[in-house]
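Asks: Here is the input, now give the coordinates:
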Amino acid sequence: MSIAVEISLGEFLDKLTILEIKSERINDQEKLININTELSRLREIWSCSPYTDTTIDNELDALRGINTRLWEIEDEIREKEARQEFDSRFVELARSVYFSNDKRAEIKRALNIKLGSALHEEKSYSDYSNAS
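Replies: This next block holds a predicted model:
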């Protein structure tokens, strides 16, 4: 059983790129069955959508890149957590999560605008860009 939910196009494509990354990086066969089932369904939905004529290769590459980077950050930070290494690198990694997520949100917003998405995800966080 599943549930159909309307989401923004940026969120849809974000999910698609994350599933692609999972399909490449996860080796557990049981998990891969679920990942590939979901990925296949989302690819089918996308291929039947009216948006396939819009060129979004650059945005998708950027989204895939940032999601890959987030995967690597999370792997490294969890390894440090397991070793209880809360050094300057740990802090750097932790900070890079929100820097990367902010960039990810920008890309998803750009996709929503370019594709004319009816829905747009909104974020509201303190501005850290001018902090010393």
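Asks: list the buried ones in the helix ranked longest in the chain?
Replies: Scanning the chain for the helix with the most residues, using DSSP state H, yields helix 88-115. When burial is assessed from 16 or more other CB atoms under 10 Å, helix 88-115 yields the following buried residues: 90, 93, 96, 100, 103-105, 107-112, 115. Bear in mind the C-beta positions are built from the backbone N, C-alpha and C, glycine included.
Asks: Quick check, pLDDT for Ser126.
Replies: Reading off the confidence values, Ser126 has pLDDT 74.
Asks: sorry, back to before: export the buried residues of helix 88-115 to TSV and tack on pLDDT and distance to Lys15?
Replies: Rendered in TSV, the data for the buried residues of helix 88-115 read as follows (pLDDT from 0 to 100; distance: CB to CB, whole Å):
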residue	pLDDT	distance to Lys15
Phe90	97	28
Leu93	97	24
Ser96	97	22
Ser100	96	17
Lys103	96	17
Arg104	97	12
Ala105	96	14
Ile107	98	13
Lys108	98	10
Arg109	97	16
Ala110	97	17
Leu111	98	12
Asn112	97	14
Leu115	97	15
